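J.: Coordinates for the following, if possible.
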Amino acid sequence: MDIIFSLIIILFSVIIHEYTHGWMADRLGDSTARDAGRLTLNPVAHIDLWGSILMPVLIFIGTGGGLIFGYAKPVPFNPYNLKDQKYGVAKVAIAGPLANLITALFFGLFLRFVPGLSLVLVSFLAMIVQINIVLLIFNLLPIPPLDGSKVLMPFLPYNLQTKLAQLEHYGFILVLLFVFFGFSLIIPVINFLFGLIVGI
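T.: Below is the predicted model:
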């Protein structure tokens, strides 16, 4: 039951994350996501077989239910179409994590202030909050191609921007290395935010 709940939440959360990237790009003048049929909350348009289903299940089983993580197909956008050429990419990048933050706050405050909830509903709401906090913190890491690197990019000197962009060629490997060897570094931050939002 936990893994079913977790998969439903992962799908819901990563779809909101990717949709919001596309929505922000669209607001800033780039219709690529809309033209590709990706400016929608329909799961079919966003599901990635590996990232949205198989990887979350394997991580959940491999960690004995201690961790679940996944992703949807990235929403395409053309940075050259954005009206804001300096900060546009950063705005598109930050939109996804902010959507996860808003989702975590909404369900967390509901959990915190609405009395008389059943244990099943409390568990479900707590998982929504936790998974969205994980997506928020993880995606804000300054590791290419994660959102955090794109948010950071326009604030760096040109030579550092170039070096960070070059790292994107090794992005998949860097992300995997962090998941397996560095994830414990962000667990205290995740737990702190979870407690802060739900009031424990």
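J.: Look up how far Leu164 lies from Ser6.
T.: 32 Å (C-beta to C-beta, to the nearest Å). Placement of C-beta: from N, CA and C, glycine included.
J.: Please point out which parts of the helix or strand hosting Phe192 sit buried.
T.: Per DSSP states H and E, Phe192 falls inside helix 187-198. Residues Ile190, Leu193, Phe194, Ile197, Val198 are the ones in helix 187-198 that count as buried (16 or more other C-beta atoms under 10 Å).
J.: Show me what it is packed up against.
T.: helix 88-113, helix 119-139 (3 or more C-beta pairs under 8 Å, 6 or more residues apart in numbering; DSSP states H and E).
J.: mind checking how far the helix or strand that the last one is followed by is from the chain centre?
T.: Moving toward the C-terminus from helix 119-139, the next helix or strand (DSSP H and E) is helix 147-152. What separates the centre of helix 147-152 from the centre of its chain is 12 Å, taken as C-alpha atoms, centre = their mean, to the nearest Å.
J.: following helix 147-152, which helix or strand comes up?
T.: helix 158-167.
J.: that older thread, Ser6 and Leu164 - which one has more neighbours?
T.: The neighbour comparison of Ser6 against Leu164 (other C-beta atoms under 10 Å) goes to Ser6, with 24 against 17.
J.: Would you mind confirming that the more buried one is in contact with Phe60?
T.: Yes. Ser6 is within contact range of Phe60, at 6.1 Å (criterion: C-beta atoms under 8 Å).
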